[in-house]
Structures are given as C-alpha cells and as structure tokens.
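**Q** Got a sequence here, can you model it:
(one chain, ligands or ions: 3)
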Amino acid sequence: MIQQKSSLTNKSIVLIGFMGVGKTTIGKELANLLQREFVDIDDEIEKKYQMPIPQIFKEQGETAFREKEKEVISSFCKKKLQVISVGGGAFLQEEVRNLCMSSSIVVFLELSWESWKERIHLLMDDRPVLQGKTMDEIEELYHKRKQIYASHHLKVETDGKDPEEIANYIVESLKQA
Ligand SMILES: Nc1ncnc2c1ncn2[C@@H]1O[C@H](COP(=O)(O)OP(=O)(O)O)[C@@H](O)[C@H]1O
Ligand SMILES: O=C(O)C1=C[C@@H](OP(=O)(O)O)[C@@H](O)[C@H](O)C1
Ligand SMILES: [Mg+2]
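**A** Ligands and ions are numbered 1, 2, ... in the order given. Predicted structure coming up:
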C-alpha cells in the first residue's frame with residue numbers, strides 16, 4: 001500500500017496527486033488528527049485574489065494561475081507544522097517541487113484510473129483543466145501527470161478507502177518511519 005522514504009517531524013506535510021484524488025478532503029482529516037493547521041492552496045489563492053479558480057483560468061489563463069499558485073505555495077511552505085493541500089498541477093513547476101521537497105514531507109495520494117473515472121462527475125464543474133476534454137484526453141493527462149508526482153517522500157494508494165482511513169494510515173506510517 002505504501003512506500004516510505006521519510007518520517008513525521010515538525011515539518012509541514014504537503015499532499016500532492018491528481019485532481020480529485022482527495023487532497024483537500026484527506027488534508028482536513030489529517031490536520032484534525034495531528035491537531036495542525038490545515039491550508040488548502042486553492043482556497044488561499046481564491047481568498048488572496050478574491051476570485052474563484054475557474055474565473056482566474058477563464059479571465060487570466062493557466063500561466064497566470066500557475067504564477068499565483070507558486071507565490072502562495074512559497075509563502076506557506078516557509079511555515080512549519082501545517083498540513084497543506086496543493087492543487088494537482090502545482091508540481092508541474094520545478095521550483096514548487098524543489099521547494100516542497102526541501103521544506104516539507106511530501107505525501108503522494110495515488111488513485112487508479114479505474115477508480116478515478118467513477119469520481120469524474122464530482123469534479124467537472126470546478127476543475128477548468130478538465131473542461132472541454134474528452135475521456136481519452138483526460139486519461140492521457142492522468143498518465144502524463146504521474147511523472148510530476150514522482151517527487152515525493154511517501155506514496156499512499158487510496159483505492160477503496162475512505163478519507164478517515166487514509167488520514168489514519170498516513171499518521172501511522174509517518175510515526176513508524
Ligand atoms: N477516499 C475517498 N473516497 C471517496 N470519495 C472521496 C475520497 N476522497 C475524496 N473524495 C471525494 O472526491 C471529490 C474530490 O475530493 P477533493 O478532496 O476535492 O480532491 P482534490 O483536492 O484532490 O481535488 C470530493 O467530492 C470528495 O468528497
Ligand atoms: O490539476 C490542476 O491543474 C488543478 C487542480 C485543482 O486542484 P485540485 O487538485 O485540488 O482539484 C486546481 O488547483 C486547479 O483547478 C488546477
Ligand atoms: Mg483540492
């Protein structure tokens with residue numbers, strides 16, 4: 001279920017993985033369990049720029065969104081002892097990958113394509129990256145994105161598990177490592 005390369009410290013924990021894998025949901029559970037502050041980078045971007053993510057994509061484009069994303073992640077990564085969920089595209093930027101890997105424990109949440117497909121109806125409305133794409137194109141993106149998630153300290157397979165179970169598993173794994 002898991003590959004371990006690091007342990008629980010006073011560093012922040014950063015959750016990565018494809019859109020819809022459960023970073024935001026599991027991040028909240030994990031923060032509760034560890035009694036840490038929870039930070040969702042997409043929420044922070046929306047607060048800072050007073051605009052929903054789909055609107056940023058529509059009006060300013062993806063490049064502008066990635067710049068904002070990098071800025072916000074940079075400011076939160078400096079802090080310790082938080083649980084941080086970053087967007088599924090954050091690790092496209094090498095600078096973001098390096099920053100998170102050096103400052104925090106990076107946990108990659110993995111979900112198989114078969115399981116992910118069942119969740120797509122929950123995601124289409126507010127994930128601009130998915131909009132206008134065919135299933136084949138989304139599948140291609142899913143596989144391409146795997147490369148950027150290769151940077152991690154810990155990998156957790158989430159198929160068939162509920163968010164609480166996954167959060168508990170992360171805590172136990174990090175404690176034991
Ligand atoms: N382990 C899980 N099992 C079933 N549904 C889940 C699980 N984790 C998340 N979800 C659901 O999938 C959707 C996307 O979750 P979310 O946490 O927003 O993912 P992300 O932040 O990775 O995009 C939500 O509707 C959430 O309730
Ligand atoms: O993968 C992506 O490019 C994105 C993922 C989203 O976050 P989630 O991974 O939390 O859905 C959000 O940052 C934005 O819509 C772009
Ligand atoms: Mg999220």
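
**Q** is it true that residue 105 touches residue 13?
**A** Yes: with contact defined as CB atoms under 8 Å, residue 105 reaches residue 13; the gap is 5.0 Å. Backbone N, C-alpha and C define where each C-beta goes, glycine included.

**Q** Need the overlap of contacts for those two.
**A** residue 174 (CB atoms under 8 Å, 6 or more residues apart in numbering).

**Q** So these two - more neighbours on which side?
**A** residue 13 (26 against 23; other CB atoms under 10 Å).

**Q** Direction included, what does the helix or strand that contains that one pair against?
**A** Residue 13 is part of strand 12-16 when elements are defined by DSSP states H and E. If you go by DSSP bridges, strand 12-16 pairs up with strand 82-85 (parallel), strand 104-110 (parallel).

**Q** Relative to its centre, which residue of the chain is most distant?
**A** residue 59 (23.6 Å; CA atoms, centre = their mean).

**Q** what's the lengthiest helix in the chain in contact with?
**A** Among all segments of the chain classified by DSSP state H, the helix with the greatest residue count is helix 53-77. Identification of contacts with helix 53-77 by CB under 8 Å, 6+ apart yields 12, 14, 39, 41-42, 44-46, 48-49, 51, 82, 84, 86-87, 89-90, 92-93, 95-96, 99-100, 103-104, 126, 128-129.

**Q** just stretch 114-130 next, same as before
**A** By CB under 8 Å, 6+ apart, stretch 114-130 touches 18-21, 52-54, 57-58, 62, 88-89, 111, 131, 135, 138, 141-142, 158-160.

**Q** Only whichever of those residues are buried, select them in ChimeraX.
**A** Applied in ChimeraX, the following selects the buried portion of the contacts of stretch 114-130 according to 16 or more other CB atoms under 10 Å:
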select :18,19,20,21,53,57,88,89,111,138,141,142,158
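
**Q** Now do the strand holding residue 13 against helix 53-77: the angle between them, please.
**A** Counting by axes from the mean of the first three to the mean of the last three CA atoms, to 10 degrees, strand 12-16 lies at 150 degrees to helix 53-77.

**Q** would you put the C-alpha positions of strand 12-16 in PDB?
**A** Backbone C-alpha positions of strand 12-16 (Å, rounded to 0.1, in the frame of the first residue of the first chain) are rendered in PDB as follows:
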ATOM      1  CA  SER A  12       4.700  20.600   7.300                       C
ATOM      2  CA  ILE A  13       3.000  17.800   5.300                       C
ATOM      3  CA  VAL A  14       2.200  18.600   1.700                       C
ATOM      4  CA  LEU A  15      -0.400  16.500  -0.100                       C
ATOM      5  CA  ILE A  16       0.000  16.000  -3.800                       C
END
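
**Q** Show me what whichever helix or strand comes after it is packed against.
**A** Later in the chain than strand 12-16, the nearest helix or strand by DSSP H and E is helix 23-34. On a contact count with 3 or more CB pairs under 8 Å, 6 or more residues apart in numbering; DSSP states H and E, helix 23-34 meets strand 12-16, strand 37-40, strand 82-85, helix 163-176.
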